[in-house]
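Q: no sequence on this one, just coordinates:
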DNA sequence: CCTGAATATCGTATTATCGCGATATATAGA
DNA sequence: TCTATATATCGCGATAATACGATATTCAGG
């Protein structure tokens, strides 16, 4: 029975605990990928989306990869995916 | 494939996304129960503990029951328990 | 090596959260 | 009903999160 690191895990949960960020994760789980695309669909300023993606990346929920000029993000297939399952 | 209510679910995650609240949930999962007891173990002001418990209760993560003069809290056996499993 | 499209970072005003002492409420028992 | 114990709520200063325009960075193609 592993022990929970409360500080660390609460940081992680805080990172995903935002309506826009949950939606971003959900979109990335079903394949939308580049920042411009996400920005257009969510109809929010590009800087706002970029910041949210940065928070998720820093928390280890997403990772970016380059596709030409564009940057795409993918969901790290671990805790995030399982938590999204639970929220459904 | 159910749809996620991003507003609602992010509210829920935000409620549990706090080191003290995660610890409270963990303690309540392994049977500590009354507020005084929780307060002593965590060594924090009673008002602080009470507020955290209130937030968790409002989010539907805990529910209270009376045991004489004392109020005990129990973890609602649903999303919370499953998420705690994932965080371990 | 410019240009423009794509993305990240900065600055900052606004709003929300946190922590905690003080105070209120509830209730069991004398 | 008075008291003591248990818990909740209030008030508020301190801190952190949010949103977003402005600006900087990156890089492919001409």
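A: That came through fine. What you see is a predicted model; the values in this text were computed from it and never measured.

Q: Please report how far residue A:28 lies from residue B:51.
A: 35 Å (CB to CB, to the nearest Å). For every residue, glycine as well, the C-beta is placed using N, CA and C.

Q: no no, residue A:49
A: Distance from residue A:49 to residue B:51, by CB to CB: 33 Å.

Q: higher neighbour count, the two?
A: residue A:49 (21 against 13; other CB atoms under 10 Å in any protein chain shown).

Q: doesn't residue A:35 make contact with the more buried one?
A: Yes - in this structure, residue A:49 is within contact of residue A:35 by CB atoms under 8 Å, at 6.2 Å.

Q: Could I get the phi/psi values of residue A:43?
A: phi 60, psi 50 (degrees, to the nearest 10).

Q: Next: residue A:30.
A: phi -110, psi 30.

Q: Closest residue of chain A to DNA strand D?
A: residue A:47 (3.4 Å; CB to the nearest atom of the strand).

Q: you'd agree that residue is in a helix?
A: Yes - counting by DSSP: H, G, I helix; E, B strand; the rest coil, one finds residue A:47 located in a helix.

Q: Show the contacting residues for residue A:20.
A: Counting by CB atoms under 8 Å, 6 or more residues apart in numbering or on different chains, residue A:20 touches A:42, A:44, A:48, A:49, A:52, B:6.

Q: Export those as TSV, with columns for distance to residue B:83 and pLDDT.
A: What follows is the contacts of residue A:20, written out as TSV (distance: CB to CB, whole Å; pLDDT from 0 to 100):
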residue	distance to residue B:83	pLDDT
A:42	25	95
A:44	27	96
A:48	27	97
A:49	26	97
A:52	21	98
B:6	17	97
